Structure formats: C-alpha cells, structure tokens
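Undergrad: Okay, structure incoming, though there's no sequence with it:
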C-alpha cells in the first residue's frame, strides 16, 4: 500500500478519466444492455443458465477490448496491476468510475489478500429493470463480471468473478461482486533464448 | 419558424440536457450495441434483412421509452412536436445531443416541409466498427432509425426513417438519415362524449 501511494490515487484517476471521456446517456445505455439481455434470452430459448454464461462471454470480450482504452487513458501501463490488490483497487475506483460513472470500493479482503468484494453505490445497467418471476436465477448484470474478468485477464491477472449480492435477484440491497485471484500469469519472453 | 423562436433553442436545450445527464462511456456503449447487433445476427442466422428489421424494432421500443425522459427533461411537453419541422429539429438538435452527444442538423427540406435529411457529425454507435464483406446490406445502426421513429410516433408524428448515407456500408462520408412524414395523428379524446 505504501508503494501504491507513489502513484496517482485510483479514485482521482477514475474521476479525471470520467470527466474527459466520450459518453452517451445512461438511460440509452441501460436500454441497449437490456435489449442485449433480451436477445440472448430469446436466442437461448429462455434458458437462464445458458444466458448467464453467454452474458459472461459477451462481457469478457468487452473487457478484453476496453482494457486498452483503460491503460492508455489512465497512463497506468502494466504497473497498475502488479498485484491482485492493485488490480482490484483499479477496477473499483478507476475503471468502474471511468466507464460507468459508478462509485465503488473494495471490502472484506481475505487474510491472504487473494479475494475481496467490490461494492458499487449504483448500477446503471440495472436501472429501470425488474425481472419477471420466470427469469429467476438470471444474473442480469453478468456481463459486468465478464468485463472485469476479461480486462484483468488481459493484464495477466486471472480471476473468478460473481455477484455476491444482486438487488435485481432480490439478494441484498447493493450490487457487490466477489472477486478471487486464480493466478497472476508470469510474463513470458518467447524470444529471449 | 418565427413561432419556434419563442421557445428555447433546441440546440441549447440539447446541450443543457447533455450536461446534466447520467452517462456512461461512449466506448462501452458502442461495444454493447455491437454485441446486440452480433446477437441479433446470430439469432437470425446471419439473415441481413431480418436483422435490419429486428434492429429497427429494438430501436422503436427504445425510442418509445426514451421519449418520456426527453419530454420530462427538456420540459418540452407536446408543444415541441406540433409540426413535423419542429419534431425534426428536436430530434437533430436536442435528442441526438442529449442521448448520444452528437451534433446534428436538418437539411434538404422538401418544398412541402414533409421530408428532410438529418445529418450527424459523428456516430458513437459506429465507432470501432468495420463490417465484414458477408454482412453487405446490413444497416448496422438501424436501431437509431427505429428509435427516432418510435419516439416521434409516441408524440403522434408517424414517419419513415432510413439511412440516406452510411459510411459503414461504404455509402457517403457522413451518417445521414432521411425522414419522411407519414401523418400527424390527431389527438383523440376518448372520454369527451
């Protein structure tokens, strides 16, 4: 942590990037995401588990692409993700602010610092959404978990990521994501022999 | 037009609403819209015409919902859409700015003032997009036409709406939408007898 203080505060970096970014209306975004979820449900014939998995994949591919924007705009480079802790702080304080305008924080760190919960104050994906009974078990915002996983994987931090509390599913009153470290993939230098 | 000047300038209204709105990153929006298009293509087994139609429908349902936000935030009420001309100016100068951050204008008005072209300076839906050859004929941004139609229909202005030039399809260097008046549906007072 002491080391972390030498760098720009992640919350300040997030707010700064949020200020300068190209943006679109939150409502339009929410409606577009909703249309995507409906389309995937339809394509999967209302199979909720298959839809959850598809949303995760869609999110991962977004995360893989969006991380480049993140790295170039924050000027963070690989440094920001040296440790799992740094990576989680970057997601919570910088990335969620930068891309969704969400204020978030990490909590409930495990003793080994390999697991925590990212708690969000708001969730623009879920605005105006109410899930019909027949979609019980749908993890409507699963693309967000996918996007976090995809973005972190792109900087060699392999994780698992799932909602720990999800008000849309009637579970808790804040959106919170549990994120666990699987491994930090060592950098490979294929041409160093 | 003289009459129009008594009201707030639509461009100023658009910029003001754009300033105050909840927003998300333009890149994330573009990626989400792209995922929606891919999903619809998949669901329609790459049938481009069926996909164009589905995108239009998705857009219409968005437009129908988003017009409420538009009316409440601009304070325009029904007044703003008294005439087809007013409605087109509201779309070009206020709504496109407010929801997509796009600067746009109307041009090429027909003599009867029942048809014009809305030309956009940018198109956040189309950023980072290149269409593979096999999707020739795909109107990638057709949800936008649908949204305009849906929103105007909700205020009783029935139109047709289609891209006149679409750089993604290799047709022109600006996105421009031709919009034609079908009818202004008279207000009905079902309980006035």
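TA: Sure, I can see it. Because the structure is predicted, anything quoted here is derived from the model rather than measured. Residues are numbered from 1 along each chain as shown, chains lettered A, B, ... in the order given.
Undergrad: Not counting its neighbours along the chain, what's nearest the spatially most central residue of chain A?
TA: Centroid-nearest residue in chain A, with Cα atoms, centre = their mean: residue A:148, separated by 3.2 Å. Counting by Cβ to Cβ, 6 or more residues apart in numbering or on different chains, residue A:161 is the residue found nearest to residue A:148 once chain neighbours are left out, at 5.1 Å. Quick note: C-beta positions are derived from backbone N, CA and C, even for glycine.
Undergrad: just for chain A, where's the confidence low?
TA: Along chain A, the model assigns pLDDT under 70 to residues A:1-8, A:13-22, A:77-81, A:190-193.
Undergrad: again, only this time at 50
TA: In the predicted model, chain A carries pLDDT under 50 at residues A:1-6.
Undergrad: Quickly check: the helix ranked longest in it near chain B or not.
TA: Longest helix in chain A, counting residues (DSSP state H): helix A:48-74. Yes. Helix A:48-74 is in contact with chain B by Cβ under 8 Å from any Cβ of the partner chain, via A:58, A:61-62, A:65-66, A:69.
Undergrad: and those as TSV, adding neighbour count?
TA: Below are the residues of helix A:48-74 next to chain B laid out as TSV (neighbours: other Cβ atoms under 10 Å in any protein chain shown):
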residue	neighbour count
A:58	26
A:61	17
A:62	24
A:65	19
A:66	22
A:69	20
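Undergrad: if we take the residues you listed, which one ends up nearest to residue B:168?
TA: residue A:65 (18.1 Å; Cβ to Cβ).
Undergrad: who's in contact with the closest one?
TA: Residues near residue A:65 by Cβ atoms under 8 Å, 6 or more residues apart in numbering or on different chains: B:31, B:128.
Undergrad: Partner strands of the strand ranked longest in chain A, with direction?
TA: Assignment by DSSP state E gives strand A:171-184 as the longest strand of chain A. In the sheet, strand A:171-184 lines up against strand A:115-120 (antiparallel), strand A:157-166 (antiparallel) (DSSP bridges).
Undergrad: which residues touch residue A:36?
TA: A:58, A:143, B:32, B:35-36, B:39.
Undergrad: Spell out the secondary structure type for the residue lying closest to residue A:59 once chain neighbours are set aside.
TA: Once flanking residues are discounted, residue A:59 sits nearest to residue A:146: 2.3 Å by Cβ to Cβ, 6+ apart. State at residue A:146, reduced to three classes by DSSP: H, G, I helix; E, B strand; the rest coil: helix.
Undergrad: sorry, back to before: do I have it right that the residue nearest to residue A:148 meets residue A:150?
TA: No. Here residue A:161 does not reach residue A:150: they are 9.5 Å apart, not a contact under Cβ atoms under 8 Å.
Undergrad: returning to that earlier point: could you report the neighbour count for the residue nearest to residue A:148?
TA: Neighbourhood size, residue A:161 [other Cβ atoms under 10 Å in any protein chain shown]: 23.
Undergrad: May I have the beta-bridge partners of it?
TA: For residue A:161, the beta-bridge partners under DSSP bridges are residue A:179.
Undergrad: Against residue B:160, how distant is it?
TA: 45 Å (Cβ to Cβ, to the nearest Å).
Undergrad: and if you look at residue A:35?
TA: In terms of Cβ to Cβ, residue A:35 sits 22 Å off from residue B:160.
Undergrad: Understood, closing this out.
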